[in-house]
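A.B. asks: Structure here, sequence nowhere to be found:
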C-alpha cells in the first residue's frame, strides 16, 4: 500500500523516480509502469498527475536544461565578457556531476525525431544560448565555440571518461581555462 503523502510530495517523488528512468532509458524505452511501481502507486495515478508519458519526459528535460541555464546565469551575473564566460564554464563543469540531469538533456536531444520534443529542446537550447550570449555580451562565434566545448564535456561525462586513464579520455576531460577563446575574433571566423 502506498504511503500517505501530499499531492505535492507525491509529485516530487515521482519526478525523482521518473528522472532516473528516463535518463537511463529515454522517452521510448522508459516504463511508466516501472515508475509507478517504484513510487508505490498505480500507473493510472502517474498519468493523472502528468497527463502523458511524453509530458512527464518534457517536464524533466526542461528542468534539466533550466538547472544549467539558471546556474550559468547566476555564475556570470555580476561579470561580463570572457570573465562571465569563465564563471559560466566553471559552473557548467560542476553541474556535469549531476549525471541524471546530464543524461536527461542528452535523451532530449536523442528524442528530437518527435516534433513536440524537438520544439521543446529547441526552446531549452535557445535559452541556454541566450544565457551565454546575453550574459557575456560576446560574439556568436565565441558563444558557439563555448557551447560546442560544453557538448564535448556532456558526451565525455555521459561516457564516464573520469574512469579512464587513456590519453583521449584525459584530453576530453581537460578543463577549459579563461584564455582559451582569446584567439577567436570576428575577423578570424569569416
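C.D. replies: Received it, and whenever you're ready, just let me know what you need. Predicted model only: the values in this text are computed from it and were never measured.
A.B. asks: What sits closest to residue 106 if chain neighbours are left out?
C.D. replies: Sequence neighbours aside, residue 158 is the residue nearest to residue 106 in space, at 5.8 Å (criterion: Cβ to Cβ, 6 or more residues apart in numbering). Any C-beta I mention is one placed from the backbone N, CA and C, and that applies to glycine too.
A.B. asks: So what's the gap between stretch 128-139 and the chain middle?
C.D. replies: 17 Å (Cα atoms, centre = their mean, to the nearest Å).
A.B. asks: and the residue nearest to residue 106, how many neighbours?
C.D. replies: 15 (other Cβ atoms under 10 Å).
A.B. asks: Same check on residue 110?
C.D. replies: Residue 110: 14 neighbours (other Cβ under 10 Å).
A.B. asks: Setting aside sequence neighbours, what's the nearest residue to it?
C.D. replies: Once flanking residues are discounted, residue 110 sits nearest to residue 26: 5.9 Å by Cβ to Cβ, 6+ apart.
A.B. asks: Buried by neighbour count: which residues of the strand or helix carrying that neighbour qualify?
C.D. replies: If you go by DSSP states H and E, residue 26 is part of helix 7-29. Applying a neighbour-count criterion of 16 or more other Cβ atoms under 10 Å, one finds 10, 13-15, 17-23, 26-27 buried in helix 7-29.
A.B. asks: would you turn those residues into a markdown table with distance to residue 61 and pLDDT?
C.D. replies: Shown next, in a markdown table, are these (distance: Cβ to Cβ, whole Å; pLDDT from 0 to 100):
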| residue | distance to residue 61 | pLDDT |
| --- | --- | --- |
| 10 | 21 | 95 |
| 13 | 19 | 97 |
| 14 | 16 | 98 |
| 15 | 12 | 98 |
| 17 | 16 | 98 |
| 18 | 11 | 98 |
| 19 | 10 | 98 |
| 20 | 14 | 98 |
| 21 | 13 | 98 |
| 22 | 8 | 98 |
| 23 | 10 | 98 |
| 26 | 11 | 98 |
| 27 | 9 | 98 |
